[in-house]
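J.: Dropping the sequence and predicted coords here.
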Amino acid sequence: MRLRNFSVWCLLACLAATTSTFAVSGLAGASPHSGGTPSAWKKARALVPAAIRKSGVVTVATTASYPPYELYASNNKTIVGVDPDLGHAIGKVLGLKFEFHNVTYDDIPTEIKDGHYDVGMSAIGVFKFREKVVNFVDYATFGEAFLTPKTSSFKADDLSQVCGETIAAQSGTSESIQLGKQSKICTSEHKKAVTALTYPSENTAVLAVHSGRAPVLFADLATADWVLKENPGQYRLLIVHDPAIKGLTGPYGIALAKGSKLLAPIEAAVKILIADGTYEKIFAKWGVKQDEVRTVQINHGVTTTT
């Protein structure tokens, strides 16, 4: 499938169709026991707040344009990906239904803080500045990369090398923040500023590169790698390094409001899913085994270059 024949939105939706044919309930959160509810599940369920246990629903804010972590399936209605699979698996352990809602990425922490949604699951990088607004249950790791057309002469693999470059990124992401900071560093060193072109979704940021409006995309490694693999021969991937935050790696986290009583049961559920192998199957299904963790932590954020 080629980008020249489809919009990025259509491309991602069509790609999702190939993976969404697998029944999520059959892959994620299935009990390895045949004799009723496992004791570990019962203990985790006992931690669920009474009000949510009564409603049976956890509302989840996500941004459905960041494959393979979240994207729309071919029906353009169902949100699929690593986070929905993991969320539904957590819900199965806790006896709850996780309902995913598409929300602007920038707004997720505030929406969680203000109580409009119970949790946020959207490949959210756990950084110290975000921990001031919400709490996180860390469940994966991330790296970052530049994605550029194969014919491009761009060859930077470090933020210090991008002075004077024009680079696309999704608004509100750590990438867009880092580009802004790097631009100030460039000008302080009497070099040309970075022209950061920010877009409301990763779809539109990728489309900007494809259409030539921007020569480079700066994104999380999993997303950049997804676009690279689904468009063979069109792009080059350059993994980014930055000693300021140890190679631009850090955790993804499930966001919850400060004081949320869901933190403990969700932490317990993720640990159960890692132990019973469900977690590993989800990450393998979406081709992101490199993002797996074996230890779940709370608010283990890194300091960004902000």
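T.: Great, that's in hand. Numbering: from 1, shown residues only.

J.: List the contacts of the residue nearest the centre of the chain.
T.: The chain has Ala123 as the residue nearest its centroid, 1.7 Å off, counting by CA atoms, centre = their mean. By CB atoms under 8 Å, 6 or more residues apart in numbering, Ala123 lies in contact with Tyr66, Tyr69, Glu70, Val82, Asp83, Ala140, Phe142, Asp220, Ala222, Thr223, Tyr252. In this view, the C-beta of every residue, glycine as well, is placed from N, C-alpha and C.

J.: just the buried members of those?
T.: Buried residues within these, counting neighbours by 16 or more other CB atoms under 10 Å: Tyr66, Tyr69, Glu70, Val82, Asp83, Ala140, Phe142, Asp220, Ala222, Thr223, Tyr252.

J.: Okay, and which of these map to strands?
T.: Secondary structure from DSSP state E places Tyr66, Glu70, Ala140, Phe142, Asp220, Tyr252 of the buried ones among the contacts of Ala123 in strands.

J.: Take the contacts of Ala123 and write them to CSV, including pLDDT and distance to Thr195.
T.: Shown next, in CSV, are the contacts of Ala123 (pLDDT from 0 to 100; distance: CB to CB, whole Å):
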residue, pLDDT, distance to Thr195
Tyr66, 89, 23
Tyr69, 96, 27
Glu70, 95, 28
Val82, 98, 31
Asp83, 98, 31
Ala140, 95, 31
Phe142, 87, 24
Asp220, 91, 21
Ala222, 91, 25
Thr223, 92, 21
Tyr252, 93, 28
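
J.: And those residues, which is closest to Asn203?
T.: Tyr66 (8.9 Å; CB to CB).

J.: Contacts only, for the closest one.
T.: Gly81, Tyr105, Ser122, Ala123, Gln170, Ser201, Glu202, Asp220, Thr223.

J.: Pick the one among the residues you listed closest to Tyr279.
T.: Each of the contacts of Tyr66 was checked against Tyr279 using CB to CB; the closest is Gly81, at 14.5 Å.

J.: how about whichever helix or strand Ile272 is part of: buried residues?
T.: Under DSSP states H and E, the secondary-structure element containing Ile272 is helix 263-276. For helix 263-276, the buried set under the neighbour-count rule, 16+ other CB under 10 Å, comprises Leu263, Pro265, Ile266, Glu267, Ala268, Ala269, Val270, Lys271, Ile272, Leu273, Ile274, Asp276.

J.: sec struct for Gly115, please.
T.: Following DSSP: H, G, I helix; E, B strand; the rest coil, we place Gly115 in the coil state.

J.: Could you number the chain from 4 rather than 1 from now on?
T.: Yes, from this point I'll number from 4; that puts the last item at Gly118.

J.: rewinding a little: next up, identify which helix or strand the residue nearest to the centre of the chain is on.
T.: For Ala126, the element it lies in under DSSP H and E is strand 122-128.

J.: Give me the helices and strands touching the host helix or strand of His91, please.
T.: Remark: His91 resides in helix 85-97, with elements defined by DSSP H and E. Packed against helix 85-97 by the contact rule (3 or more CB pairs under 8 Å, 6 or more residues apart in numbering; DSSP states H and E) you find helix 27-30, helix 42-49, strand 60-65, strand 73-75, strand 100-105, strand 122-128, helix 266-279, helix 281-288.

J.: So what touches that helix?
T.: With CB under 8 Å, 6+ apart, helix 85-97 has contacts from 27-28, 30-33, 44, 47-48, 51, 61, 63, 65, 71-73, 100-101, 103, 124-126, 142-143, 268-269, 272-273, 275-276, 281-282, 285-286, 288-289, 291, 294.

J.: Need the CA coordinates for stretch 206-219. CSV is fine.
T.: Extracted in CSV, the C-alpha atoms of stretch 206-219 (Å, rounded to 0.1, in the frame of the first residue of the first chain):
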residue,chain,number,x,y,z
ASN,A,206,-1.6,11.4,10.7
THR,A,207,-1.4,15.0,9.6
ALA,A,208,2.3,15.2,10.6
VAL,A,209,3.1,12.2,8.4
LEU,A,210,1.1,13.6,5.6
ALA,A,211,3.1,16.8,5.8
VAL,A,212,6.3,14.8,5.2
HIS,A,213,4.7,12.8,2.4
SER,A,214,3.5,15.9,0.6
GLY,A,215,6.8,17.7,0.9
ARG,A,216,5.6,20.4,3.4
ALA,A,217,8.2,19.1,5.8
PRO,A,218,11.3,17.1,5.0
VAL,A,219,11.4,15.2,8.3
